[in-house]
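[1] Prediction below, plus the sequence it came from.
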There are 2 protein chains.
Amino acid sequence: MAKGRLTFIGLGLYDEKDISSKGLEEIKKCDKVYAEFYTAKLTGADTKKIGKRIGKPIEVLSRQETEKGDKILESAMKKNVVFLTCGDPMTATTHIDLRLRAKDKEIETRIIHGSSIATAVPGLLGLQNYKFGRTTTLAFPEKEYFPTSPYQIIKANKLMGLHTLVLLDIQADKERYMTANQGIELLLEMEKKLTESVFTQDSIICVVARAGSLSPTVMANTIGFLKDKDFGPPLHTLVVPGNLHFMEVEALVKLAGLPGELKLGKKIQKL
Amino acid sequence: MAKGRLTFIGLGLYDEKDISSKGLEEIKKCDKVYAEFYTAKLTGADTKKIGKRIGKPIEVLSRQETEKGDKILESAMKKNVVFLTCGDPMTATTHIDLRLRAKDKEIETRIIHGSSIATAVPGLLGLQNYKFGRTTTLAFPEKEYFPTSPYQIIKANKLMGLHTLVLLDIQADKERYMTANQGIELLLEMEKKLTESVFTQDSIICVVARAGSLSPTVMANTIGFLKDKDFGPPLHTLVVPGNLHFMEVEALVKLAGLPGELKLGKKIQKL
């Protein structure tokens, strides 16, 4: 058994105040704090602010350093090391991989959880968690690379009456965060390509921006209405609703500005 | 607009230390703290311990008082009120309902998120979030009431190769928490009734107990092996895996004690 320890701590959703007391206590006791902000980013705080909050200097690792992992693992062989990540730490494959490599070196690992977009976004919209199907992510298209699997996942969920949480690409190292508008645009492009009538201009879609802040933007309306709206700074997330329970409709009307007249039409239930 | 405010604060997963700094700051500023512990419970801390941590007295509402909501809403008309709940606050329908009624009374509402079983459990097992289908919950069976919808949900997810997060019934007001063993037993009873070959004694199942504590129990093995094991105090959660990516297999072996020889057989991939 190595003498050190590696504790993954989730910073939660938005700023330096979303970390738990348990996380802060562990940081107080540790010898060294690493962090990575390329798989996700707290858009409400920079590293300096987080460092001030936790009272210790933070060494931010690049994508390469995180994926390689040798720096952090070597350190955790001997020392009590903390690794800060956004959201709930184990939602990124890279972090699971790092934990497995720590296990191989017989380094004790611990997880201190944080709040996550996966429950925050449904909650802010008043949609019921157990009515969500598989989550999907929209990636920035590259030359020759335009994956349409999100469209298929949304379609499959819809056919079962389920909502879809649609995460939007984060390339924090390039400061590129996909906006809800870009995401909607991509969904319409997929529709154009695959023509399976999953999306029209009249389809209802939900947008949440800056979940975890004290004043997130939460909107539900037609794609036609929302596609050119300004939702403010990142991060943005989309939800494509499936069949809506009447209380969910009420929630979208009252919490997300869904127009009452749509509510009465057959659009929502039929989507 | 009412002069007061109602802030829902998620206590997170396990004990009094899982609340965020943001939540603690809001509590400091508020006039009154309510809580409910019947939809879920922090099993690592009692109300006294939580009260000590937050530095204010807590009025715990019963199921009836929470569902009725008049006490908390009346208070929030004039005062700055905090409502504490376990996990991430808006995952319970009752809380969404309460928020909608606050909106009707023009009471400003806010959400301060907490860590949730929905991301913690997949993360502790090293399973990938985007490979989960719809979540289901096993309820304590009552006379004449034995719903088999969880079986159908798990089956549908499996057919798509997806994992299922299986939440277990919490009747905190009666201090009844379904154990993983009881959950597995129910799944086998459903199998006996519906005979669609979703579960055999050789099916792989995953158990997580006390997610959010610093030493959770995390196990993956066959149903036959796990059904009589002791997983310690609540809360327990199950995951029924779908198709496993090789890194997920590695994670279940290294983090959850899945035997290596099963890993090499066709059982896992075929499940």
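    Cool, the structure landed. Source: prediction; values computed, not measured.
[2] As a check, name the ranges of all helices in the stretch 1-150 of chain A.
    Under the criterion DSSP state H, counting those that start in this stretch, the stretch 1-150 of chain A carries helices at the ranges A:21-29, A:47-54, A:63-68, A:70-78, A:93-104, A:117-125, A:149-159.
[3] oh, I was asking about the stretch 151-271 of chain A
    Counting by DSSP H, counting those that start in this stretch, the helices of the stretch 151-271 of chain A are A:180-194, A:223-226, A:246-256, A:260-264, A:267-270.
[4] A:His236: which of these is closest?
    The closest of the helices of the stretch 151-271 of chain A to A:His236 is helix A:180-194. By CB to CB, the value is 4.1 Å. To be clear about C-beta, it is placed using only N, CA and C from the backbone, and glycine gets the same treatment.
[5] neighbours of the closest residue to chain B within the stretch 151-271 of chain A, just the number please.
    Using CB to the nearest CB, A:Lys254 is the residue of the stretch 151-271 of chain A that sits closest to chain B, at 4.8 Å. A:Lys254 is flanked by 17 other residues according to other CB atoms under 10 Å in any protein chain shown.
[6] what sits against it?
    Going by CB atoms under 8 Å, 6 or more residues apart in numbering or on different chains, A:Lys254 touches A:Gly126, B:Leu100, B:Lys103, B:Asp104.
[7] Mind putting those residues into JSON lines with neighbour count, distance to B:Val33 and pLDDT?
    JSON lines is the format used below for these (neighbours: other CB atoms under 10 Å in any protein chain shown; distance: CB to CB, whole Å; pLDDT from 0 to 100):
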{"residue": "A:Gly126", "neighbour count": "27", "distance to B:Val33": "23", "pLDDT": "98"}
{"residue": "B:Leu100", "neighbour count": "17", "distance to B:Val33": "22", "pLDDT": "97"}
{"residue": "B:Lys103", "neighbour count": "18", "distance to B:Val33": "21", "pLDDT": "96"}
{"residue": "B:Asp104", "neighbour count": "11", "distance to B:Val33": "23", "pLDDT": "96"}
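[8] Max pairwise distance over the residues you listed: which two?
    Spanning the widest gap among these are A:Gly126 and B:Asp104, at 13.3 Å by CB to CB.
[9] which regions of chain A lie under the pLDDT threshold?
    A:262-271 (pLDDT under 70).
[10] Taking the centroid of it, which residue is nearest it?
    A:Ile117 (4.5 Å; CA atoms, centre = their mean).
[11] any idea how far it lies from A:Ile19?
    Counting by CB to CB, to the nearest Å, the separation of A:Ile117 from A:Ile19 is 16 Å.
[12] any idea what sits nearest A:Ala139, other than its immediate chain neighbours?
    In space, and not counting its chain neighbours, A:Ala139 is closest to A:Asp169: 4.9 Å by CB to CB, 6 or more residues apart in numbering or on different chains.
[13] you'd agree the one you found is up against A:Pro141?
    No - if you go by CB atoms under 8 Å, A:Asp169 and A:Pro141 don't touch, sitting 9.5 Å apart.
[14] show me the contacts for the residue nearest to A:Ala139.
    Residues near A:Asp169 by CB under 8 Å, 6+ apart: A:Thr137, A:Leu138, A:Ala139, A:Phe140, A:Arg176, A:Tyr177, A:Met178.
[15] now do 6 Å
    A:Ala139, A:Phe140, A:Met178 (CB atoms under 6 Å, 6 or more residues apart in numbering or on different chains).
[16] next one: A:Ala102
    Contacts of A:Ala102 by CB under 6 Å, 6+ apart are A:Leu6, A:Leu73, A:Thr109.
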